[in-house]
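J.: Provided below are the primary sequence and the corresponding predicted coordinates.
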Amino acid sequence: MSAVQMSTLTSPMARMIGRRLLLSVLVLFVVSILVFGATLLLPGDPARAILGQQATPERVAALTEQLGLDRPVWERYFSWLGGILTGDLGFSAATQGPVSELLGGRIAASGLLLVLTALISTPIALALGAWAAVRRGTRTDSVLSGSSLVLAALPEFVIGVLLVVLLATSVLQILPSVTIARPGEPVWTRPEQLVLPVLTLALVVIPYVVRMTRATLSEALDAGFVEMARLKGLPERTVLMRHAVPHTIGPVAQVFALQLAWLAGGVVVVEFLFRYPGIGEALIDAVANRDVQVVQAITLIIAAFYVLVNLAADVAGILADPRIRTSSGVDA
Amino acid sequence: MSAPTTEPTTTTVSTSLIRRTFRRRQARIGAVLTLVVVAVALLGPVLGPLLTGFATDDFAGRPFQPDGVLGTDDLGRDVLTRFLAGGGPVLLYAVAATAIGIVGGAIAGMLAGYSGGRLDSIIMRGGDVLLSFPQLVLALLAVAVLGSSGWLLVLVIGVTHIPRVARVARQATLSVASQDYVLAARMYGVPRRRILATEVLPNITGPLMVELGLRLTYSIGYVASLSFLGLGVQPPAADWGLQINENRIALIVAPWGVILPVLAIAVLTVGTNMITDALAKESADTTGENS
């Protein structure tokens, strides 16, 4: 393929990706306004909330000035946004310290949970989905599809509690039912406490990927080009690996990214359930204490992550769609 | 053909979709599971005290003791009574949130898909902002600012369903909007509101019913999760999500306070999801035949 050909092929795609990128930045901007604006609905004086009811009026006035609460709203918004972008996430009323200090280790702990879950669940889910697709219409398929339908219906905490019942308390007692690391101790020093949270999240994610893989691969296996490959006399394994599987990479990459997005929400409940010291648990604590700056910072972090992985999913979809890749006149 | 004749035929399309759905064994199993839990939730508050002899706030003994039928909870109240009384809030709030999401999403999606242009962009970009939060996280933000109350959660969960439903409704509307009967009605000068209500809506009931099932399943999960987190239904109310949270510290010695509500929520969501899945398969078959 010549260079000229390449550039004509990629330009509409690059345009689509560029537009998608721009849209994400815009969405994130509006999201930040929404998160900031939500706090304006709060009753009461934030400076007094931080200092407590016993504070003298002078101290409240001093903190009001220090926090810039006497400035106009839009000025406060931009200084807040500037702070967020440079790593200054605000001040926690509950811990009486900077939010970034509170969240540093927790972001790593939550990230570990997400990465482990994604690494474990992806190959399993892809294999099960492919198995169901190849055996579609058989008993294997109906067992796999049926069980993923059941699992997909269950809320995260229901799966988690059922696992605790089965593996940590009532039936077997082979795993810790909550995180046993002391505060400040990294979670990976005791790997056994990671098993149940990761297993719960994996069981939340796997059914979706199985169902998506099965659907797209079945479609590919029934498609004309696969039939053609078969009629040429290629062995079934070659047909599957060379012709059908590449067709599913786009949708599957998309699902994978969407699953990370899904986990960003699910991790909150699962961390609470297992008292896992990540940002999800911090969010629940902050909501319960109405520690608004922490809630703001965490919701914004989760939303940004969510927007980014959704963007990645869309880009993967655009890159993999042969209709967009080969036609030059697409403008969707 | 114009408005008078299309309406009766499309009504039979949606009723026959339901009939064909329940011809599938999967949908019938799902319906039985759902109905069992709904029956427990509706009859439980009345039957509970009759069966056990305790009201939901009565103390039956010391905490986590095997008193009563299935033991006592964290405060010494009867587990079975509180389980039987605890299904109401989940069902009520989930149904209300689903209703907001489906009605709002159908209107927004039909308007966007049918009108196109600037209105379409405004509706869908506005939806993108709501879509950039996991639903649970947006609900938590609302609770942090406004305090927890059941109806606030209904509103937040319902509103965050809207852009998700709207995407589906918009897509379905796009394929209907160019049909001859819609163009004909448009030519006759039928106002937009009537075209959407009498021509478009009856023809997108398939995808909307699938969304209804899906959103109901998710709503049940979110409502139960938020109560489980201690941020939904507040004590001393009897509620399944709350009951699980209250009793999970004593899972080993007094398991029923956790296991009963967990199983009830599981059976309910599995039931609604089985019906939804069957509905989706039938709906896909129908559109496949038509195109």
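T.: Structure received. Numbering: from 1, shown residues only, chains lettered A, B, ... in the order given.

J.: Show me the strands in chain A, by range?
T.: A:91-92, A:97-98 (DSSP state E).

J.: which residues sit against the first one?
T.: Among residues not part of strand A:91-92, those counted as contacts by CB atoms under 8 Å, 6 or more residues apart in numbering or on different chains are A:50, A:67, A:97, A:98, A:99, A:102, A:286, A:291, A:293, A:294. C-betas here are computed from N, CA, C, even on glycine.

J.: and which of the residues you listed is nearest chain B?
T.: Of all these, chain B sits closest to residue A:286, with 6.9 Å by CB to the nearest CB.

J.: circling back to that earlier point, buried subset of the contacts of strand A:91-92 as a PyMOL selection?
T.: Entered in PyMOL, the line below selects the buried ones among the contacts of strand A:91-92, by 16 or more other CB atoms under 10 Å in any protein chain shown:
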select buried, chain A and resi 50+67+98+99+102+286+291+293+294
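
J.: Pipe the contacts of strand A:91-92 into JSON lines and attach pLDDT and distance to chain B per row.
T.: Compiled in JSON lines, those are given as follows (pLDDT from 0 to 100; distance: CB to the nearest CB, whole Å):
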{"residue": "A:50", "pLDDT": "68", "distance to chain B": "15"}
{"residue": "A:67", "pLDDT": "70", "distance to chain B": "18"}
{"residue": "A:97", "pLDDT": "81", "distance to chain B": "19"}
{"residue": "A:98", "pLDDT": "84", "distance to chain B": "19"}
{"residue": "A:99", "pLDDT": "85", "distance to chain B": "14"}
{"residue": "A:102", "pLDDT": "82", "distance to chain B": "15"}
{"residue": "A:286", "pLDDT": "90", "distance to chain B": "7"}
{"residue": "A:291", "pLDDT": "83", "distance to chain B": "8"}
{"residue": "A:293", "pLDDT": "84", "distance to chain B": "10"}
{"residue": "A:294", "pLDDT": "88", "distance to chain B": "9"}
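
J.: so who does the residue lying closest to residue A:24 once chain neighbours are set aside touch?
T.: Excluding the flanking residues, the one nearest residue A:24 by CB to CB, 6 or more residues apart in numbering or on different chains is residue A:311, at 4.7 Å. Residue A:311 makes contact with A:20, A:21, A:24, according to CB under 8 Å, 6+ apart.

J.: Residue A:260 too?
T.: Contacts of residue A:260 by CB under 8 Å, 6+ apart are A:114, A:118, A:305, A:309.

J.: The same query, at a cut-off of 6 Å, please.
T.: residue A:309 (CB atoms under 6 Å, 6 or more residues apart in numbering or on different chains).

J.: Could you check how far it is from residue A:209?
T.: Per CB to CB, to the nearest Å, residue A:260 is found 11 Å from residue A:209.

J.: Enumerate the positions of stretch B:78-98 that are buried.
T.: For stretch B:78-98, by 16+ other CB under 10 Å, it's B:78-91, B:93-94, B:96-98.

J.: I'd like to know which of the residues you listed are part of helices.
T.: Counting by DSSP state H, the part of these found in helices is B:79-85, B:87-91, B:93-94, B:96-98.

J.: near chain A, from those residues?
T.: Subset of these in contact with chain A: empty, counting by CB under 6 Å from any CB of the partner chain.

J.: Give me the number of neighbouring residues for residue B:174.
T.: 16 (other CB atoms under 10 Å in any protein chain shown).

J.: isn't it right next to residue B:115, touching?
T.: No: if you go by CB atoms under 6 Å, residue B:174 and residue B:115 don't touch, sitting 11.2 Å apart.

J.: Apart from its neighbours in sequence, what residue is nearest the most centrally placed residue in chain B?
T.: Central residue of chain B (CA atoms, centre = their mean): residue B:216, 1.7 Å from the mean position. Closest residue in space to residue B:216, ignoring its immediate chain neighbours: residue B:98 at 4.6 Å, by CB to CB, 6+ apart.

J.: ok, now which ones touch the one residue in chain B that gets nearest to chain A?
T.: Per CB to the nearest CB, residue B:134 is where chain B lies closest to chain A, at 2.7 Å. Residue B:134 sits next to A:264, A:265 when contact means CB under 6 Å, 6+ apart.

J.: Just the pLDDT at it, thanks.
T.: Looking at residue B:134, its pLDDT is 87.

J.: Quick check on it: phi, psi?
T.: Note on residue B:134: backbone dihedrals following degrees, to the nearest 10 are phi -60, psi 140.
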